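J.: got a predicted structure plus its sequence, pasted below:
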Amino acid sequence: MDTDVTEPDRTNKETAHEGSSFGPVGVVGAGAMGAGIAQVAASAGHAVALVDAVPGAAATAVERIGSALSRLVDKGRLSADDATAVLQRITPAESIDELPHCGLVIEAVPEDLDLKRRIFAELADRQPPNTVLATNTSSIDIDDVADEVTDPERVLGLHFFNPPPVMKLVEVVHGERTADAYVEHAVALMNAWGKTPVRCRSTPGFIVNRVARPFYGEAQRIVEAGIADAATVDWILREKGGFPMGPLELTDFIGQDVNLAVGTSVWEQTGRDERYTPTAFQQELVEAGRLGRKSGRGIYAYAADGSVGASAEAGEPDLELAGRLVGGPIATDPLARTLAMLVNEAVDLVARGEASADDVDTAMRLGTRYPKGPIAWGREIGFDVVARQVAELDEAYPGGRYRPSPALTDGSLS
């Protein structure tokens, strides 16, 4: 059955086009994200047109989707008839010109602003004026993407997380010129697709990629300073903090180059704010080609099957050292230091009006699998305690990285 989502509020003449409707869905970019998004849309009942600039890439992606659906059938999670129906809804196309008139087009190409601008200008010329144009960007400003679109009120971000058929979270991102009616429409559609949407303003890194920066950065700085080795830091965050992976092993899993690129993007977009300055530790790893699991060596060394190798780089956590660090001074306690900075970052984002406290917590639990949202964690620890901890870090490491958010003590989140 086709997914039926109500149209934007037509009573708002300034923000909703008459006759605006989603209907067929177009997906531009047939890589892992684009193919996953196409599968999600088709599974929700939409006819989907999948296009890629590389000849044959869209057809190959449809074959991959078919294989993924077959695996679900083999596991008993999907009937064979439903799998066939989903696959039949997806049509490969060789160019944007071949896209039908869509209610929604989602762009999922590499993070290249010029490329995205060209695609959105082309889509705006070829799609009806009531087609919603969405980008799956993880960090690029929505207004920059919409720069050459004559009707930018219909441009927004739909940031899916990898892999889209599995991950529930979608960040619905609005620029300064995005109409509220289209944001609400997109939220309704994501709910209809079985996703959990969170709203946020177009701020560098949006919610997840911005709030998560201290999780990686503090661990790298602790190792860089010789306070503790990587295995010990990871053990503390996993075993004492409840995080599914330690920050250092997680960057190896993501790819040191990918993680550095996202962090650098946030840093550049915030005017090179000291809070987001990339570490020399990570830059040196990337320069040395130590990219993590995909290269066989990052912070840790890896065997051919991706498991941590037997070299000295794998290391064993020093449990005696961990016992001395946890509960000690904030500057040398990997867990308390990381939590304080996560809470500080989150309350700053909420105080700027970029997302609600509930949406921040939901995003971080679903998007990063944190055991708790940072706002909830701040309430548990005590925002006044976190304020003192961050102030102590700021005194120990002056320069702006550890400046406390005024929202920690103004009572707005209590």
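T.: Okay, I see it.
J.: C-alpha from now on. contacts and neighbour counts both.
T.: Noted.
J.: what's in contact with stretch 343-351?
T.: Applying Cα atoms under 8 Å, 6 or more residues apart in numbering, the contact partners of stretch 343-351 are 207, 210-211, 214, 355-357, 360, 374-375, 377-378, 386-387, 390, 404-408, 413.
J.: which of those fall in helices?
T.: R210, V211, P214, A357, V360, P374, I375, W377, G378, V386, A387, V390 (DSSP state H).
J.: wait, what's in contact with the second one?
T.: What it means is V211. Applying Cα under 8 Å, 6+ apart to V211 gives the contacts L342, E345, A346, M364.
J.: from the residues you listed, which is closest to N130?
T.: The nearest member of the contacts of V211 to N130, counting by Cα to Cα, is M364 at 32.5 Å.
J.: and the one helix or strand that closest one maps to, which residues are buried?
T.: Assessed by DSSP states H and E, M364 sits inside helix 357-368. Neighbour counts over helix 357-368 (16 or more other Cα atoms under 10 Å) mark A357, D359, V360, D361, T362, A363, M364, R365, L366, G367, T368 as buried.
J.: can you pull out the strands in this protein?
T.: 25-28, 48-51, 90-93, 104-107, 132-135, 155-160, 169-174, 196-201 (DSSP state E).
J.: mean neighbour count and mean pLDDT added to those strands, as TSV?
T.: TSV is the format used below for those (neighbours: other Cα atoms under 10 Å; pLDDT from 0 to 100):
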stretch	mean neighbour count	mean pLDDT
strand 25-28	28	98
strand 48-51	29	98
strand 90-93	22	96
strand 104-107	25	98
strand 132-135	26	98
strand 155-160	28	98
strand 169-174	26	98
strand 196-201	23	98
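J.: any weak-confidence spans in this structure?
T.: Filtered on pLDDT under 70, the chain yields the residue ranges 1-22, 309-314, 414.
J.: and if we set it to 90?
T.: 1-23, 139, 303-315, 411-414 (pLDDT under 90).
J.: show me the domain layout of it.
T.: 25-201, 210-397 (automatic domain parsing).
J.: and the strands of the chain as CSV, adding distance to A57?
T.: Shown next, in CSV, are these (distance: least, Cα to Cα, whole Å):
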stretch, distance to A57
strand 25-28, 11
strand 48-51, 8
strand 90-93, 9
strand 104-107, 15
strand 132-135, 19
strand 155-160, 21
strand 169-174, 25
strand 196-201, 29
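J.: so which of those comes closest to G255?
T.: strand 155-160 (18.6 Å).
J.: could you dump the closest one to CSV, C-alpha only?
T.: Backbone C-alpha positions of strand 155-160 (Å, rounded to 0.1, in the frame of the first residue of the first chain) are rendered in CSV as follows:
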residue,chain,number,x,y,z
VAL,A,155,15.1,22.9,0.4
LEU,A,156,15.9,21.1,3.6
GLY,A,157,18.2,18.4,5.0
LEU,A,158,17.2,14.8,5.6
HIS,A,159,20.3,13.3,7.2
PHE,A,160,20.0,9.6,7.4
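J.: can we start the residue count at 35 from this point?
T.: Yes, from this point I'll number from 35; that puts the last item at strand 189-194.
J.: what packs against it?
T.: strand 166-169, helix 176-179, strand 203-208 (3 or more Cα pairs under 8 Å, 6 or more residues apart in numbering; DSSP states H and E).
J.: possible to save these as CSV with distance to V61?
T.: Listed next are the helices and strands packed on strand 189-194 as CSV, based on distance: least, Cα to Cα, whole Å:
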stretch, distance to V61
strand 166-169, 10
helix 176-179, 16
strand 203-208, 16
